[in-house]
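**Student:** when you get a sec, could you give me coordinates for this:
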Amino acid sequence: MHEYAEKYNIKQIRKLLSSSFNDSDFTDFVQDNFYQVYSQFGENYNLPKKIRQLIDFVIREQRIEDLLQALEEDYPSFYQKFGPYHRGQSLPESTPVAPSPVVQETIQQDDREQVRQIPVVSTRIGTPPLETKGNYYKYSCDRITQTQIFKENYDVSEKNQLAFQFYFIKGGERQSPYGLFTRIIYQYLSDSSSRRIFLRDDSYNLERAYTNLLNDLFRSFGFETNEFESTNDFTIEKLLESRLVSGVSYIPVEFRIYTFQWKRFIPKLIKKFTNEFCQVDHLASNRKMPRFLFFWSIVYSEEMTSRGLTSWWIRITLKWTLRMLSLSIDLRVLTLIFASDISRWLDDFGLDDALKYQIIESYFKQSGEYDMTEVEIALEKIINAYNDGYIQAEIHNKR
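**Tutor:** Numbering: from 1, shown residues only. The predicted structure is shown next:
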């Protein structure tokens, strides 16, 4: 098996896909989220063959996390039913033990040492359960700088009733650019219809890339488009005809560009989209339209991330792009998460310091610094265990 895939439970992912979809719904899901795979489906492909093709693609392109995130967002009940999807994960055990609130037990699995959480029910007083905060909560550790920058610009844009907002998210895949995008939606844009668009690999020049971008954007909103249709026919007014934007206040869209796809025309592509597509002058003045928030996620390659840098010309062209687009906001590079960040996140549980330390020790490796994607996995387990009554806090009211 591909080395990248060894981290995942491919059997459970396949079971999730085969149990959650009929052929038509699966085809629509792939078209919306993995258009490169959809475009290769043959007329006689049955559902199992389409599933194999998608799994082969996400393994080869190292995009299993993208698949899981899309499934969790669109089909949360099925996603919860068939997990876990990462090797070494286990669901909380149901047998409580005493006296410690959290007990570690080391086990051997797949020739690697794993830590299993043995839950303990104790007493909780006062604070409502974390499930009331919603699924976004697992994305809410740290990222204070990015969310503050977003909120300041968002408030100004709302005050001035701007139809469009533009943001740049930068960081490695393991620092979860999608997690920041999702957090912003949950925290500030609850009345929204969000989309994710990936730059196609066959975007070999500016015009081709622009055509691809608009085609994929409109397909994600349910339009049947022609690959060679004039880009002049793609307008905001036409997009607003989609039933998927009806009745919502915000349309957040993440455009994802990997640095290995980066070409010299990419800044011009972003400028062209901003200056040509994002126009509302021709719309009827009485037409109520939602706010559009476009996020350009620049995802650094593993090599760049491990060396703590990007190639000099990508850095330079990004700076030039931001200067060229005065309305675009840089949300800063996403960095590692530290144990102190996790401790602050646990403050919302109402835990004392001793119990916070025990949870961090039990759910996280002892390096003290973590990729955001592994933090999100651990935080989701903590939230689920808390909501199920396995991890509870004794709150001491100090008056």
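
**Student:** helices and strands of the protein: which one bottoms out on pLDDT?
**Tutor:** Every helix and strand in the chain was compared by mean pLDDT, DSSP states H and E; the lowest is strand 102-109, with a mean of 30.

**Student:** relative to residue 341, how far out is residue 379?
**Tutor:** Remark: distance between residue 379 and residue 341 (C-beta to C-beta, to the nearest Å) = 11 Å. Yep, even glycine has a C-beta here, placed from its N, CA and C like the rest.

**Student:** so what's in contact with these two at the same time?
**Tutor:** Counting by C-beta atoms under 8 Å, 6 or more residues apart in numbering, the common neighbours of residue 379 and residue 341 are residue 141.

**Student:** the more surrounded of the two?
**Tutor:** Neighbours per residue, other C-beta atoms under 10 Å: of residue 379 and residue 341, the larger number sits with residue 379, 23 against 18.

**Student:** from memory the more buried one sits against residue 141, does it?
**Tutor:** Yes. Under the criterion of C-beta atoms under 8 Å, residue 379 is in contact with residue 141, at a separation of 6.2 Å.

**Student:** okay, and the common contacts of the two?
**Tutor:** Contact criterion C-beta under 8 Å, 6+ apart; residues shared by residue 379 and residue 141: 342, 345.

**Student:** and the helix or strand harbouring residue 11, how far from the chain's centre?
**Tutor:** Applying DSSP states H and E as the criterion places residue 11 in helix 10-20. Between the mean C-alpha location of helix 10-20 and the chain-wide mean there is a distance of 20 Å, by C-alpha atoms, centre = their mean, to the nearest Å.

**Student:** ditto for stretch 207-221
**Tutor:** Averaging C-alpha positions (C-alpha atoms, centre = their mean) puts stretch 207-221 21 Å from its chain's average.

**Student:** check stretch 175-187 too.
**Tutor:** For stretch 175-187, the distance between its averaged C-alpha position and the chain's averaged C-alpha position is 6 Å (C-alpha atoms, centre = their mean).

**Student:** quick one: contacts of that stretch?
**Tutor:** 65-66, 69, 73, 134-136, 139-140, 143, 146-147, 150, 169-171, 192, 194, 196, 252, 254, 256, 295, 297, 299, 305, 331, 334-336, 371-373, 376.

**Student:** inside strands: which ones of these?
**Tutor:** For these, the ones inside strands are 169, 170, 171, 196, 252, 254, 256, 295, 297, 299, 331, with DSSP state E as the criterion.

**Student:** make TSV from the residues you listed and add neighbour count to it.
**Tutor:** TSV is the format used below for the ones in strands among the contacts of stretch 175-187 (neighbours: other C-beta atoms under 10 Å):
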residue	neighbour count
169	27
170	22
171	23
196	22
252	23
254	23
256	20
295	25
297	24
299	23
331	24
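
**Student:** residue 53: which of those residues is nearest?
**Tutor:** Looking at the ones in strands among the contacts of stretch 175-187 and their distance to residue 53, the nearest is residue 196, at 19.9 Å (C-beta to C-beta).

**Student:** for the closest one, give me its contacts.
**Tutor:** If a contact means C-beta under 8 Å, 6+ apart, then residue 196 has 33, 70, 178, 181, 220, 253, 254, 256 as its contacts.

**Student:** cool, residue 149 as well?
**Tutor:** Taking C-beta under 8 Å, 6+ apart as the criterion, residue 149 is in contact with 329, 330, 331, 332.
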